[in-house]
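1. pasting a predicted model and its sequence here:
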There are 2 protein chains.
Amino acid sequence: MKKIINDPADVVSEALRGMALAHADLLTVRQDPAVIHRDDAPVQGKVALVSGGGSGHEPLHGGFVGPGMLDAAVPGPVFTSPTPDGVQAAIEAVHGGAGVLLIVKNYTGDVLNFETAAEFAAIEGTEVRTVVVDDDVAVKDSLYTAGRRGVAGTVLVEKIVGAAAQRGDDLDACEALARKVVGGTRTLGVALAAGTVPHAGQPGFTLAEDELELGIGIHGEPGRARLPMEPADALVRRLVDAVTEDLPYTAGDEVLLLTNGMGGTPQIELYLAHGIAAELLAARGITVRRHLVGSYVTSLEMQGMSLTLLKLDDELVDLWDAPVRTAALRWGM
Amino acid sequence: MKKIINDPADVVSEALRGMALAHADLLTVRQDPAVIHRDDAPVQGKVALVSGGGSGHEPLHGGFVGPGMLDAAVPGPVFTSPTPDGVQAAIEAVHGGAGVLLIVKNYTGDVLNFETAAEFAAIEGTEVRTVVVDDDVAVKDSLYTAGRRGVAGTVLVEKIVGAAAQRGDDLDACEALARKVVGGTRTLGVALAAGTVPHAGQPGFTLAEDELELGIGIHGEPGRARLPMEPADALVRRLVDAVTEDLPYTAGDEVLLLTNGMGGTPQIELYLAHGIAAELLAARGITVRRHLVGSYVTSLEMQGMSLTLLKLDDELVDLWDAPVRTAALRWGM
């Protein structure tokens, strides 16, 4: 294992130290338990959004904390759910009197620990709702997951619901909107090579030089199939087919297309894949109204990518376009 | 080689197609010769900034085209200089009557081809100046380079001079500012593993499992030394020592600290390294007034990072903070 780290046990806390220094004008970072929150939290009268999960998927979630998006993120150890006390600390730090919405990727540990924290918060009189993101069409159940996994679509949920909370939507409205976005979002990913979890010290799985894993999970969980490597045109078509057929997305639909890198794939390949996907969608009569290309929900240095579609309407476009200021996604402020 | 590409010969043109689709509200992308420019170019009365170089370093340079930064970028083939006709086409597309400043990384081919284009433009009556960026302290001469190489510090030059051009500084002022920023910028990088150029089909160099290359170039050119892997604390200290001793940066200085990923290094490792660097600088009495952490000047999927310091004064801070809207760097608009 070659990584720019010290003791694997300290990777998350040391990374958080750097993040705190880099974004002192935006974020407050707490350790033990680890919480990243808006430095102006709590924002009185605003629904507070809290997400989190295992580390190693950066910029998700800490990179999406700030005005117009999350109020707090709770980072667990690498690829490991945060404990309930971290989630509780986040809720306490950002609750501004209008309730808290938890955005949770569908992994058994995350769901359990966020729910536990929500129950404690409820006992203390804080109204907390939970929305589970399960956008990955790859497999029904998986390692660590009952039902579908939550993957790259999570960033779209966080952005859009973050904009709604920022404009003053109440807890009911934010929850309903989150369910709507989750309902309209589908993702499929592919891996070419695994990342290495620091405390494991070796790659999470092994693919042959001519092999890819279709439907990979963001922790390296098995997908649908191991297939021979193929040109980008064929590979991207495979992803577009699986995603569009799932919801389905059909002619006349307007969508946001997210081409997401898994961490170790160069931006030049992501743009290349994005162009193929956008043209395939256009050929099916699906209009790509908004685009996002980059490594937003990663799996350490995994080589690979995912495609996400979100069905848009004018309200979702307005919320997507609304100003946001976070470490990793920023426009209009 | 496992990459999300079709024919290696088409990588750049296919990636540009995707970039054009993803950023249609911001960029115009031309092919043959390849040029990426502001969609509102030329901006009359504004000094136009043009940069470029081999592809494979994304988001540099195309990701930095837009209001407050570059007017155009000229992407060559992967790790290969663009031809003079591409640079000429860029100059013609963005020249708004106030002259053109070329920002060129110090590689022999880039310098030659940008100079040739500048001469042609001069014959046609366009005033063109050239500033060469040579921030890499690793080695004096190198493969492809006489003198020091231009690396991650280039993004700082493009941002700060872009802000000056945007506020209306004339060509003399922009050129002088660019020379000042170059003069105050120093970088050193390290590689843990090489990237693979598509048409080469295999990694550009090989490092043993316990080996790093100190002072790596962004095309995989040899650095100062191959050394045993070491913990991040020691590795980052090595980078900070070399960079601070070079200018030198000393107690009382105020700096911008850029912790740049080479493409295949997870954000969590970059933040971890950034925290170490910032604390080492603080211990030496050097104040980090501005921070930038991310993969901005890459070498395909190379694993590794670089540290860049830029000596700041109030004017440079104001220009750094000024609004910018590009694909990869955006704030305030």
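-> Sure thing, it's come through. Bear in mind that the values here come from a model prediction, so they are computed numbers and not experimental data. Numbers count the residues shown, from 1 in each chain, chains lettered A, B, ... in the order given.

2. hey, let's count contacts and neighbours off CA atoms from now on
-> Noted.

3. contacts for stretch A:116-125, please.
-> Applying C-alpha atoms under 8 Å, 6 or more residues apart in numbering or on different chains, the contact partners of stretch A:116-125 are A:Pro84, A:Asp85, A:Val87, A:Gln88, A:Ile91, A:Glu127, A:Val128, A:Arg129.

4. burial of the first one, as a residue count?
-> Neighbour count for A:Pro84, taken as other C-alpha atoms under 10 Å in any protein chain shown: 21.

5. that one against A:Asn113, yeah?
-> Yes - the criterion here is C-alpha atoms under 8 Å, and A:Pro84 meets it with A:Asn113 at 4.8 Å.

6. packing partners for the helix or strand where A:Val87 lies?
-> Taking DSSP states H and E as the criterion, A:Val87 maps to helix A:84-94. Here helix A:84-94 touches strand A:35-38, strand A:48-55, strand A:72-78, helix A:108-123, going by 3 or more C-alpha pairs under 8 Å, 6 or more residues apart in numbering or on different chains; DSSP states H and E.

7. buried residues in the longest one, which are they?
-> When neighbours are counted by 16 or more other C-alpha atoms under 10 Å in any protein chain shown, the buried residues of helix A:108-123 are found to be A:Gly109, A:Asp110, A:Val111, A:Leu112, A:Asn113, A:Phe114, A:Glu115, A:Thr116, A:Ala117, A:Ala118, A:Glu119, A:Ala121.

8. pull the CA atoms of the helix or strand just after it into PDB?
-> Counting by DSSP H and E, the next helix or strand C-terminal to helix A:108-123 is strand A:128-133. The C-alpha atoms that make up strand A:128-133 are tabulated as PDB, following Å, rounded to 0.1, in the frame of the first residue of the first chain:
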ATOM      1  CA  VAL A 128     -36.100  14.500  13.100                       C
ATOM      2  CA  ARG A 129     -37.100  12.800   9.800                       C
ATOM      3  CA  THR A 130     -35.000  10.400   7.800                       C
ATOM      4  CA  VAL A 131     -34.800   9.900   4.000                       C
ATOM      5  CA  VAL A 132     -32.900   6.900   2.700                       C
ATOM      6  CA  VAL A 133     -31.100   7.200  -0.700                       C
END
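
9. re the thing from before, which of the contacts of stretch A:116-125 lies closest to chain B?
-> Proximity of the contacts of stretch A:116-125 to chain B (C-alpha to the nearest C-alpha) peaks at A:Val87, which lies at 20.4 Å.

10. quick one: contacts for that closest one?
-> A:Val87 touches A:Val35, A:Val74, A:Asn113, A:Phe114, A:Ala117, counting by C-alpha under 8 Å, 6+ apart.

11. do you know how far the closest residue to A:Thr83 other than its chain neighbours is from A:Gly76?
-> Among residues not flanking A:Thr83 along the chain, A:Asn113 sits closest, at 5.9 Å (C-alpha to C-alpha, 6 or more residues apart in numbering or on different chains). Taking C-alpha to C-alpha, to the nearest Å as the measure, A:Asn113 and A:Gly76 are separated by 11 Å.

12. touching both of the two, which residues are there?
-> A:Pro82, A:Thr83.

13. follow-up on the earlier one: where's the residue nearest to A:Thr83 relative to A:Asp7, distance?
-> Between A:Asn113 and A:Asp7 the computed distance is 26 Å (C-alpha to C-alpha).

14. same deal with A:Glu315?
-> Counting by C-alpha to C-alpha, the gap from A:Glu315 to A:Asp7 is 47 Å.

15. now do the contacts for the nearest residue to A:Pro231 once chain neighbours are set aside.
-> Leaving aside its chain neighbours, A:Pro231 sits nearest to B:Asn6 (4.8 Å; criterion: C-alpha to C-alpha, 6+ apart). Applying C-alpha under 8 Å, 6+ apart to B:Asn6 gives the contacts A:Pro231, A:Ala232, A:Asp233.

16. A:Val288: what secondary structure?
-> In three-state terms, and counting by DSSP: H, G, I helix; E, B strand; the rest coil, A:Val288 is strand.

17. okay, and the beta partners of the closest residue to it other than its chain neighbours?
-> In space, and not counting its chain neighbours, A:Val288 is closest to A:Val255: 5.0 Å by C-alpha to C-alpha, 6+ apart. A:Val255 has these beta-bridge partners by DSSP bridges: A:Val288, A:Lys311.

18. in chain A, what spans have low per-residue confidence?
-> Within chain A, no stretch falls below the threshold (pLDDT under 70).

19. quick one: terminal-to-terminal distance for stretch A:32-44?
-> This stretch, stretch A:32-44, spans 25 Å end to end (C-alpha to C-alpha).

20. likewise for stretch A:68-79?
-> End-to-end for stretch A:68-79, by C-alpha to C-alpha: 26 Å.

21. any residue of it touching chain B?
-> No - figure legend: stretch A:68-79 not in contact with chain B (C-alpha under 8 Å from any C-alpha of the partner chain); closest approach 9.7 Å.

22. what is the helix or strand hosting A:Asp172 packed up against?
-> Using DSSP H and E, A:Asp172 falls within helix A:171-183. Packing contacts for helix A:171-183, counted by 3+ C-alpha pairs under 8 Å, 6+ apart, involve strand A:100-105, strand A:128-133, helix A:154-167.

23. of all those, which lies closest to B:Asp25?
-> Nearest to B:Asp25, of all those, is helix A:154-167, at 19.8 Å by C-alpha to C-alpha.

24. buried residues, that closest one. List them.
-> Along helix A:154-167, these residues count as buried under the neighbour rule (16+ other C-alpha under 10 Å): A:154-166.

25. now tabulate these in a markdown table and tack on distance to chain B.
-> Converted to a markdown table, those look like this (distance: C-alpha to the nearest C-alpha, whole Å):
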| residue | distance to chain B |
| --- | --- |
| A:Thr154 | 18 |
| A:Val155 | 16 |
| A:Leu156 | 16 |
| A:Val157 | 20 |
| A:Glu158 | 19 |
| A:Lys159 | 16 |
| A:Ile160 | 19 |
| A:Val161 | 21 |
| A:Gly162 | 18 |
| A:Ala163 | 16 |
| A:Ala164 | 20 |
| A:Ala165 | 21 |
| A:Gln166 | 18 |
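
26. which two of the residues you listed have the greatest separation?
-> Pairwise distances across the buried residues of helix A:154-167 (C-alpha to C-alpha) peak at 17.9 Å, for the pair A:Thr154 and A:Gln166.

27. how does chain A divide into domains?
-> Per the TED database, the domain ranges recorded for chain A read A:11-183, A:184-324+A:327-331.

28. format those domains as TSV; extra columns: distance to B:Ile103.
-> Shown next, in TSV, are these (distance: least, C-alpha to C-alpha, whole Å):
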stretch	distance to B:Ile103
domain A:11-183	27
domain A:184-324+A:327-331	22
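
29. check contacts around A:Arg238.
-> Counting by C-alpha under 8 Å, 6+ apart, A:Arg238 touches no other residue.

30. what comes up buried for the strand or helix carrying it?
-> If you go by DSSP H and E, A:Arg238 is part of helix A:232-246. Under the neighbour-count criterion of 16+ other C-alpha under 10 Å, helix A:232-246 has A:Ala232, A:Asp233, A:Leu235, A:Val236, A:Arg237, A:Leu239, A:Val240, A:Asp241, A:Ala242, A:Val243, A:Thr244 buried.

31. surely the last one meets A:Asp253?
-> So the one you mean is A:Thr244. No - using C-alpha under 8 Å, A:Thr244 is not in contact with A:Asp253; the gap is 10.6 Å.

32. check contacts around the spatially most central residue of chain A.
-> Nearest to the mean C-alpha position of chain A, counting by C-alpha atoms, centre = their mean, stands A:Thr154 at 3.6 Å. Taking C-alpha under 8 Å, 6+ apart, we find A:Thr154 in contact with A:Lys105, A:Val133, A:Asp135.
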